[in-house]
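**Q** Next one to model:
(chains A and B)
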Amino acid sequence: ETGVTQTPRHLVMGMTNKKSLKCEQHLGHNAMYWYKQSAKKPLELMFVYSLEERVENNSVPSRFSPECPNSSHLFLHLHTLQPEDSALYLCASSQGPGVGNTIYFGEGSWLTVV
Amino acid sequence: GNSVTQMEGPVTLSEEAFLTINCTYTATGYPSLFWYVQYPGEGLQLLLKATKADDKGSNKGFEATYRKETTSFHLEKGSVQVSDSAVYFCALGFSSGSARQLTFGSGTQLTVLP
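**A** So this is what the prediction gives:
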């Protein structure tokens, strides 16, 4: 139990589908993140939300749409994805910017686009 | 910009061998440094961290010392076990507004044989 829960753990979707990934953190943190982990590439930061406001969007294609309705929940809405979007999507959270404040990760959602 | 360079894997060791995974970084300012571990099929877990120069992080027999003079944060363990088989990620972190930003290395796959 990491305190950050992601669902579903595995998702297979066609290129014309619309699906969503869900993340919930039980740690009382005020910042949440989406990362993408592809084979043989470093983890890529996709989005950062702080106090429910988006503070970072690292040139992510518009087919990925994040939503943060409150400080405990984060969604990643997916539509018209490409096969190269197949990856492990990791949600994370942290408590503010303090030195040494740790980012805690969920177990990830494995996405396969067919 | 900020970057992390990790020793390339995969690394294969026999049980009870000594482990070193090298990590060096480039950063503007004074980041916090982290090692995360990813076991097969799971998300990232924080292994240890150090927030300032000469700090030593330690956990589960693993250690790493924040060396400002060599901009390094090498991971060591005196006697590895089969259960240590995983991918290890070195990362540096800064505060960004009210959130944290992590920059990851590419990861080092460790396999420990019985």
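
**Q** Please make it C-alpha for all contacts and neighbour counts, starting now.
**A** Noted.

**Q** show me where pLDDT drops low in the chain?
**A** Going with chain A. Chain A contains residues with pLDDT under 70 at A:1-2, A:96-100.

**Q** wrong chain, I was asking about chain B
**A** The model of chain B has pLDDT under 70 over residues B:95-100.

**Q** Now it against chain A: closest residue?
**A** Residue of chain B nearest chain A, by CA to the nearest CA: B:Gly43 (3.7 Å).

**Q** residues in contact with that residue?
**A** A:Leu90, A:Phe105, A:Gly106, A:Glu107, A:Gly108 (CA atoms under 8 Å, 6 or more residues apart in numbering or on different chains).

**Q** Just give the number of residues close to the residue nearest to B:Cys23 when sequence neighbours are not counted.
**A** Excluding its sequence neighbours, the residue lying closest to B:Cys23 (CA to CA, 6 or more residues apart in numbering or on different chains) is B:Gln6, at 4.5 Å. Using other CA atoms under 10 Å in any protein chain shown, B:Gln6 has 22 other residues around it.

**Q** I figured B:Gln6 hits B:Asn22, correct?
**A** Yes: counting by CA atoms under 8 Å, B:Asn22 is a contact partner of B:Gln6 at 5.8 Å.

**Q** Over to B:Val82: give its phi and psi.
**A** phi -60, psi -40 (degrees, to the nearest 10).

**Q** where does the closest residue to it other than its chain neighbours land in three-state SS?
**A** Excluding its sequence neighbours, the residue lying closest to B:Val82 (CA to CA, 6+ apart) is B:Val112, at 4.8 Å. Following DSSP: H, G, I helix; E, B strand; the rest coil, we place B:Val112 in the strand state.

**Q** Check A:Glu84 too.
**A** helix.

**Q** Quickly note the distance from it to chain B.
**A** 19 Å (CA to the nearest CA, to the nearest Å).

**Q** now do A:Pro83
**A** A:Pro83 is 20 Å from chain B, by CA to the nearest CA.

**Q** Go ahead and confirm that residue touches A:Val113.
**A** Yes: using CA under 8 Å, A:Pro83 makes contact with A:Val113 at a distance of 4.8 Å.

**Q** Tell me which residues touch the residue in chain A positioned nearest to chain B, please.
**A** Closest approach of chain A to chain B (CA to the nearest CA) occurs at A:Glu107, with a separation of 3.7 Å. When contacts are counted by CA under 8 Å, 6+ apart, A:Glu107 is found next to A:Thr2, A:Val4, A:Thr5, A:Gln6, A:Arg9, A:Leu90, A:Cys91, B:Glu42, B:Gly43, B:Leu44.

**Q** Now do the phi/psi pair for the second one.
**A** Backbone torsions of A:Val4, given as degrees, to the nearest 10, read phi -120, psi 120.

**Q** which residues does it bridge with?
**A** A:Gln25 (DSSP bridges).

**Q** and it, how many residues sit next to it?
**A** 22.

**Q** can you tell me which residues contact it?
**A** A:Cys23, A:Glu24, A:Gln25, A:His26, A:Leu27, A:Cys91, A:Ala92, A:Ser93, A:Tyr104, A:Phe105, A:Gly106, A:Glu107.

**Q** Just the element for the residue nearest the centre of chain A, please.
**A** Against the mean C-alpha coordinate of chain A, by CA atoms, centre = their mean, the closest residue is A:Trp34 at 2.8 Å. Here A:Trp34, judged by DSSP states H and E, is contained in strand A:31-37.
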